[in-house]
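# no sequence on this one, just coordinates:
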């Protein structure tokens, strides 16, 4: 079965700093999904990556997929307190393999 | 509705009781998923519905767990004879189709506590 390892497990940054979260898969990545979760709330969909080399951005968040390395990275530029939360990567098995396997998450704290 | 709706948001019950958790997916989404999130295990897949059928129940941890979906919409996850290890957040998600290129959208979950 596929396993996703996220690093770091937790991260504390000062407001305005850039940061990167990594997600490494034990198997080939097909669909890779990034979600954000705040305590007591559900997962908020951020981005979906499907092709090697694909890069997507939304506001100050950029995600990339390195198919060869079976890895995805999430980069936040000029972090703000609103970026704080748990970031989760999820992967599907491709085709009609719909169920997502998730990493353990990265807890991000942004100090004002 | 605009998003996935789950109820109740919190449920506290005594060991041995049955509980029902409800999920109302995004309108028009044919695929519905249940996941469980606990401290030790992270997020785990439980069951997948395509329409009213459940082609994949492989994640249900025991026969005390069952789920159904009616009218291609609302789904209910039932846990019988609850145990303390069932305490977790139960998350429901839906997607437009069951294909892998469709993002899953999650509800806020039901936080289940077994005393």
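It's in. Quick caveat, the model's predicted, so the values are computed rather than measured. Numbering: from 1, shown residues only, chains lettered A, B, ... in the order given.
# If you count contacts, what does the strand or helix carrying residue B:89 end up packed against?
In this structure, residue B:89 sits in strand B:88-95 according to DSSP states H and E. Judged by 3 or more CB pairs under 8 Å, 6 or more residues apart in numbering or on different chains; DSSP states H and E, strand B:88-95 is in contact with strand B:5-7, strand B:19-24, strand B:31-38, strand B:75-79, strand B:105-106, strand B:110-114. C-beta here means a position set from N, CA and C on the backbone, and glycine is covered the same way.
# If we use 6 Å, what do you get?
When contacts are defined as 3 or more CB pairs under 6 Å, 6 or more residues apart in numbering or on different chains; DSSP states H and E, strand B:88-95 packs onto strand B:31-38, strand B:105-106.
# want to throw those into a markdown table with distance to residue A:25, mean pLDDT and mean neighbour count?
Shown next, in a markdown table, are these (distance: least, CB to CB, whole Å; pLDDT from 0 to 100; neighbours: other CB atoms under 10 Å in any protein chain shown):
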| stretch | distance to residue A:25 | mean pLDDT | mean neighbour count |
| --- | --- | --- | --- |
| strand B:31-38 | 18 | 95 | 23 |
| strand B:105-106 | 21 | 96 | 22 |
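# Figure out which of those is closest to chain A.
Of all the helices and strands packed on strand B:88-95, strand B:105-106 sits nearest to chain A, with 4.0 Å by CB to the nearest CB.
# How far does that closest one sit from its chain's centre?
Strand B:105-106 sits 11 Å away from the centroid of its parent chain (CA atoms, centre = their mean, to the nearest Å).
# Please name the strands paired to that strand in the sheet, noting orientation.
In the sheet, strand B:105-106 lines up against strand B:88-95 (antiparallel) (DSSP bridges).
# that older thread, how about CSV for the helices and strands packed on strand B:88-95, with distance to residue A:106 added?
Below are the helices and strands packed on strand B:88-95 laid out as CSV (distance: least, CB to CB, whole Å):
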stretch, distance to residue A:106
strand B:31-38, 15
strand B:105-106, 18
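# Minimum distance to residue B:15: which of these has it?
Nearest of those to residue B:15, taken as CB to CB: strand B:31-38 at 16.5 Å.
# Show me what the helix or strand just after the closest one is packed against.
Downstream of strand B:31-38, the first helix or strand assigned by DSSP H and E is strand B:42-50. Under the contact criterion of 3+ CB pairs under 6 Å, 6+ apart, strand B:42-50 touches strand B:31-38.
# What parts of chain B come near chain A?
B:42-43, B:45, B:48, B:98, B:100, B:103, B:105-109 (CB under 6 Å from any CB of the partner chain).
# Lowest-confidence one in those?
Among these, residue B:100 carries the lowest pLDDT, at 72.
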